[in-house]
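*Asks:* Have a look at this prediction, sequence included:
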Amino acid sequence: MKETIYDYDDLLEMLDSLLREPTEFWDNFYSDRNKGIPFFTDVPDENLVSYFKNNILKPGNVLELGCGPGRNAIYFAQRGCTVDAVDLSRESIKWAEERANEKNVSINFMNENIFDLDIEEGKYDIVYDAGCFHHIAPHRRMSYIDLVNRALKPNGYFAITCFVEGGQFGGAEISDWEVYRSRSLMGGLGYTEEKLRLIFRDFKEVEIRKMKVIEQPNDTFGVPDFLTALFLKN
Ligand SMILES: C[S@@+](CC[C@H](N)C(=O)[O-])C[C@H]1O[C@@H](n2cnc3c(N)ncnc32)[C@H](O)[C@@H]1O
C-alpha cells in the first residue's frame, strides 16, 4: 500500500520525499548556460589533473557520478579512459554531449539518478565525483558508498571534491538530523577532512586536501573552500 514502509527502499523513498525533488531543480539550474557559475567552465579539476600528472591514475574504466556538463568526463576520455558518466539532469547531459562532440571524444553519458544505476560490478578502475556527493542526503550515504564499492575493481580509486563547512559557494554547517528537521540540504552539505575520513573509512586514504585556487581562465579548475580526496578500495 502507498505510504506503508515494508522495506529499506520504502524508508529511503519516504525520507527523499521530505526533501526537494532534485531533477527539476537541476534542469532549471542548467537552463541558462551563461549565468557565471564557476563550474560551468569547460576545464577539468586541478586535483584530477594532478593525479594523472603524478602517475597515480592511469587510463582505465571510469564512472563519473553527477557529471554535469561533462568537463571532467571529457578530460578522462582525452587521457585515454573509457568513460561512463551519469547525471539526473537531462539539460546537463545534453550540454555534456554537445561539448564531447565538439571535442571529438566518445563518452557514454547516462541520464539517470545514480541510485537507479544498473552497474556492472567491479567494472571500474576509477569512480569520480565533483560536487555531487554534497548534494546527497545523509540517508542515501550508505547506498552511495555501496555503489562506489560495487562499481570499483579491487585497488580501484575513488576521488571526490566537495564543499568544506561554511564555504563561500555553499557547505551547510548543520548536523545530519537537522537536514530532516529543516527538510533541506541548505544548498549542499559542508564536510571536513575528518568527516570524509569517517564516512569513507572502508577505503584507504591516499590524499585529502583543500582544492587549490586556480585563477580563471586557465586549463584547470580550482575554487576556494572545496576539499579534494582520493581513496583506494581495499
Ligand atoms: C554541483 S553540480 C557538479 C557538476 C559537475 N560534476 C561539475 O563539477 O562540473 C552537481 C551535479 O550532480 C548532479 N546530481 C545530484 N544528485 C544526483 C543524483 N542523485 N544522481 C545523479 N546526478 C545527481 C546534478 O544534476 C548536478 O549536475
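*Replies:* Noted; the coordinates are in hand.

*Asks:* When you work out contacts or count neighbours from here on, use the C-alpha atoms and nothing else.
*Replies:* OK.

*Asks:* Residue 214 contacts residue 44, doesn't it?
*Replies:* No. Shown here, residue 214 and residue 44 do not form a contact pair, counting by C-alpha atoms under 8 Å, at 11.2 Å.

*Asks:* Get me the contact residues on this protein for the ligand.
*Replies:* Proximity of the chain to the ligand is assessed by C-alpha under 6 Å from any ligand atom, with 26, 39, 66-69, 71, 87-89, 112-114, 130-132, 135 identified as the residues in range.

*Asks:* chain center to the biggest helix by length in the chain, what's the gap?
*Replies:* The helix of greatest length in the chain, counted in residues with DSSP state H as the criterion, is given as helix 90-102. Counting by C-alpha atoms, centre = their mean, to the nearest Å, helix 90-102 is centred 17 Å from the centre of its parent chain.

*Asks:* returning to what we had before: more crowded one of residue 214 and residue 44?
*Replies:* Counting neighbours by other C-alpha atoms under 10 Å for residue 214 and for residue 44 shows that residue 44 has the greater number, 22 against 15.

*Asks:* which ones are touching that one?
*Replies:* By C-alpha atoms under 8 Å, 6 or more residues apart in numbering, the contact set of residue 44 is 71, 72, 75, 219, 220, 221.

*Asks:* Of these, which belong to helices?
*Replies:* Among the contacts of residue 44, the members falling in helices (DSSP H) are 71, 72, 75.

*Asks:* what are the phi and psi angles of the residue nearest to the first one when sequence neighbours are not counted?
*Replies:* Closest residue in space to residue 71, ignoring its immediate chain neighbours: residue 42 at 5.1 Å, by C-alpha to C-alpha, 6 or more residues apart in numbering. With angles defined as degrees, to the nearest 10, residue 42 sits at phi -110, psi 40.
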